[in-house]
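[1] Predicted model and sequence follow; I will ask about them next.
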Amino acid sequence: MRSLSNCRIAKFSDAFLFSVCVAIVSQLFVVLPARADCTYEGETYETGDTVGPYICMPDGNWQQR
């Protein structure tokens, strides 16, 4: 039979491990760059693609070169 103190430690450990996992996963979302596709005349282009004098920017907008 587990004593009450062992149960409290187990609950604390589970909560701590969960918190650590959430912190690590949330950092992945912060570190990964945002990417948005650009659309031109019904065609989808990736960030960095060029069409004529325009380049597809990471925010999904076209910018003149």
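    Structure received. Worth saying up front: this structure is predicted, and the values here are computed from it rather than measured.
[2] all contacts plus neighbour counts: C-alpha atoms, from now on.
    Noted.
[3] give the contact list for residue 53.
    64-65 (C-alpha atoms under 8 Å, 6 or more residues apart in numbering).
[4] same deal with residue 44?
    37-38.
[5] mind starting the numbering at 14 from now?
    Got it, the first residue is 14 from now on, which makes the last one we talked about residue 57.
[6] for it, helix, strand, or coil?
    Three-state call for residue 57 (DSSP: H, G, I helix; E, B strand; the rest coil): strand.
[7] From residue 78, how far out is it?
    19 Å (C-alpha to C-alpha, to the nearest Å).
[8] need the next SSE after the helix-or-strand element of the chain with minimal mean pLDDT, C-terminal direction.
    Sorting the helices and strands of the chain by mean pLDDT, DSSP states H and E puts helix 17-44 at the bottom, at a mean of 70. Downstream of helix 17-44, the first helix or strand assigned by DSSP states H and E is strand 51-53.
[9] domains of this protein?
    14-45, 47-78 (automatic domain parsing).
[10] Please identify the deepest-packed of the ones you listed.
    Comparing those by mean neighbour count (mean count of other C-alpha atoms under 10 Å), domain 47-78 comes out on top with a mean of 14.
[11] Name the helix or strand for residue 73, please.
    With DSSP H and E as the test, residue 73 turns up in no helix or strand.
[12] For stretch 59-78, give the mean pLDDT please.
    Across stretch 59-78, pLDDT averages out at 94.
[13] Ends of that stretch, what's the gap?
    Across stretch 59-78, the terminal residues are separated by 16 Å (C-alpha to C-alpha).
[14] Over to stretch 56-72?
    So stretch 56-72: terminal residues 17 Å apart, C-alpha to C-alpha.
[15] do stretch 49-67 as well
    End-to-end distance (C-alpha to C-alpha), stretch 49-67: 15 Å.
[16] dump the residue contacts of residue 67.
    By C-alpha under 8 Å, 6+ apart, the neighbours of residue 67 are 75-78.
[17] now residue 71, what's its secondary structure?
    Residue 71 ends up coil, using three-state DSSP.
[18] Hmm, it is touching residue 49, no?
    Yes: under the criterion of C-alpha atoms under 8 Å, residue 71 makes contact with residue 49 at 5.5 Å.
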